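Visitor: One predicted model, sequence on top.
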Amino acid sequence: MTDTPHAREVDGPACTGELLDEGALVLRWAPDGREPVLFVHPDVAPRAGTPPHAGIPVCWPWFGPGPTDDAPSHGFARNAVWEHVGTTTEASGTTVSYRLTDAEATHPAWPHPYRLELTAVLADTLTISLTTHNTGDEDVVVGEALHAYLAVGDVREAVVTGLDGARYHDKVTDEDEVQSGDLVLGGRTDRVYCTTGAVVVEDPVLRRRLRVEADGASCRVVWNPWDDLAADLDDVGEAWPRFVCVEAANVLDDVVTVPAGGSHTLTYRLTVEDA
Ligand SMILES: O=P(O)(O)OC[C@H]1O[C@@H](O)[C@H](O)[C@@H](O)[C@@H]1O
């Protein structure tokens with residue numbers, strides 16, 4: 001494996017973008033006439049073998065710390081080199097498809113047969129679908145997230161709407177809470193919201209709104225490490241104010257049971273609107 005992950009450029013009818021085969025990661029996406037929508041550190045390029053804090057990593061088949069000490073954070077799918085199935089461009093956009101199976105990536109902590117399919121449609125909207133096929137003869141439990149790093153002008157000035165009244169688990173305080181009003185981040189934030197509605201990031205600095213919608217996902221995770229934690233992440237560092245993660249996820253009590261021979265699809269949709 002080289003130091004640089006294999007990149008696929010997209011220059012489609014309505015947008016430009018870039019994906020990495022490692023992790024089937026949508027790294028960049030910019031609808032025509034708009035600034036990039038996903039955060040990528042301006043000076044630190046993604047390296048092979050290290051999932052970047054950038055773009056939209058795939059967390060699968062667990063979220064957060066693994067079931068055993070040697071299990072990688074957020075699962076093994078984001079560390080694996082996925083098979084590129086194909087890229088097609090039509091008037092409506094560019095579709096990039098990837099596949100990963102247990103023959104290519106597995107871990108003793110999750111020793112199950114599976115086939116994962118990721119389809120990214122890059123157009124004036126970005127749509128990513130992640131389908132878990134359980135190819136074994138026992139039910140499997142999957143925790144997962146499409147961990148989007150949304151680029152903002154300054155996270156301290158952004159307002160996250162659509163969460164009012166939602167129950168959430170605060171991973172910073174380890175408390176369960178209920179959101180009251182809009183969310184304005186004022187420090188390290190790591191929350192798992194139990195909600196399925198649209199979440200919108202209002203960005204007065206870049207004068208735009210980023211709308212996140214999802215299907216097949218019971219949770220939205222909102223994360224920013226803030227300055228202290230970011231100092232330990234070399235592909236974040238002083239750029240920490242430049243993003244807020246809004247992830248579509250099935251985690252904690254909402255992990256998904258995929259029956260033997262069955263499948264489950266999580267879909268993430270991102271659109272940009274003028275503020
Ligand atoms: O550094 P990682 O493994 O990519 O994780 C980044 C963050 O990802 C978030 O989704 C989690 O809620 C955080 O707890 C975690 O710190």
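Guide: Perfect, thanks for sending it.
Visitor: all strands for the stretch 51-200 of the chain, in order.
Guide: Assigned by DSSP state E, counting those that start in this stretch, the stretch 51-200 of the chain shows strands spanning 58-59, 83-90, 93-101, 114-122, 126-134, 140-142, 144-146, 149-151, 159-161, 167-170, 175-178, 189-194, 199-203.
Visitor: looking at those, which is closest to the ligand?
Guide: Nearest to the ligand, of all the strands of the stretch 51-200 of the chain, is strand 189-194, at 4.7 Å by CB to the nearest ligand atom. No exception for glycine: its C-beta is placed from N, CA and C like everyone else's.
Visitor: Is the ligand within reach of the closest one?
Guide: Yes: with CB under 6 Å from any ligand atom as the criterion, the ligand is reached by strand 189-194 at D190.
Visitor: Please name every helix or strand in contact with that strand.
Guide: Contacts defined by 3 or more CB pairs under 8 Å, 6 or more residues apart in numbering; DSSP states H and E place strand 189-194 against strand 167-170, strand 219-224.
Visitor: Up against the ligand, what does the stretch 1-150 of the chain have?
Guide: Counting by CB under 6 Å from any ligand atom, the stretch 1-150 of the chain sits next to the ligand at 53, 64, 73-74, 147.
Visitor: at 5 Å instead, please
Guide: Applying CB under 5 Å from any ligand atom, we find that the stretch 1-150 of the chain lies next to the ligand at S73.
Visitor: Report the closest residue of the stretch 1-150 of the chain relative to the ligand.
Guide: S73 (3.6 Å).
Visitor: Just give the closest residue to that residue, not the sequence neighbours.
Guide: Setting aside the residues directly before and after it, S73 is nearest to P65 in space (CB to CB, 6 or more residues apart in numbering), at 6.1 Å.
Visitor: If you tally nearby residues, what's the number for that neighbour?
Guide: 11 (other CB atoms under 10 Å).
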